[in-house]
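Trainee: Generate a structure from the sequence data that follows.
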Amino acid sequence: MYSENLIKRVRKQTKKMIAPIVITFLVISYFMFYMWLGFAESGDIPLLMKILLIVVPSGLIVLMVYLLIERVNEIKEDDDDDLSQY
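Mentor: Residues are numbered from 1 along each chain as shown. Model prediction:
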């Protein structure tokens, strides 16, 4: 009985984690494209623009990973949806 409830809870948590992980992966891929532009483009782009094309996406990638970790911890701590409390 206890193990069945645990398995159901873990499956429910896993389903809730899929969307944040997929969205984070897509957004990080988008930011990495702009980082690639900063590395690959060696044409007429000024140095400041190259630095911005590397630093800004890097910071946003770190932020996205942090937010994903926070969301996964929130899902693990809370069994019910936030909306069900209202």
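Trainee: where does residue 44 fall, phi/psi-wise?
Mentor: phi -90, psi 20 (degrees, to the nearest 10).
Trainee: Surely residue 31 and residue 60 touch.
Mentor: Yes. Using Cβ atoms under 8 Å, residue 31 is in contact with residue 60, at 5.2 Å. In this view, the C-beta of every residue, glycine as well, is placed from N, C-alpha and C.
Trainee: What is the helix or strand residue 69 falls within packed up against?
Mentor: In this structure, residue 69 sits in helix 47-77 according to DSSP states H and E. In terms of contacts (3 or more Cβ pairs under 8 Å, 6 or more residues apart in numbering; DSSP states H and E), helix 47-77 is packed against helix 2-40.
Trainee: Pull out the buried residues from the helix it packs on.
Mentor: 16, 20, 24, 27-28, 31, 35, 38 (16 or more other Cβ atoms under 10 Å).
Trainee: Can you name the residues that contact the residue nearest the centre of the chain?
Mentor: When Cα atoms, centre = their mean is applied to the chain, the residue found nearest the centroid is residue 24 (2.8 Å). Counting by Cβ atoms under 8 Å, 6 or more residues apart in numbering, residue 24 touches 64-65, 67-68.
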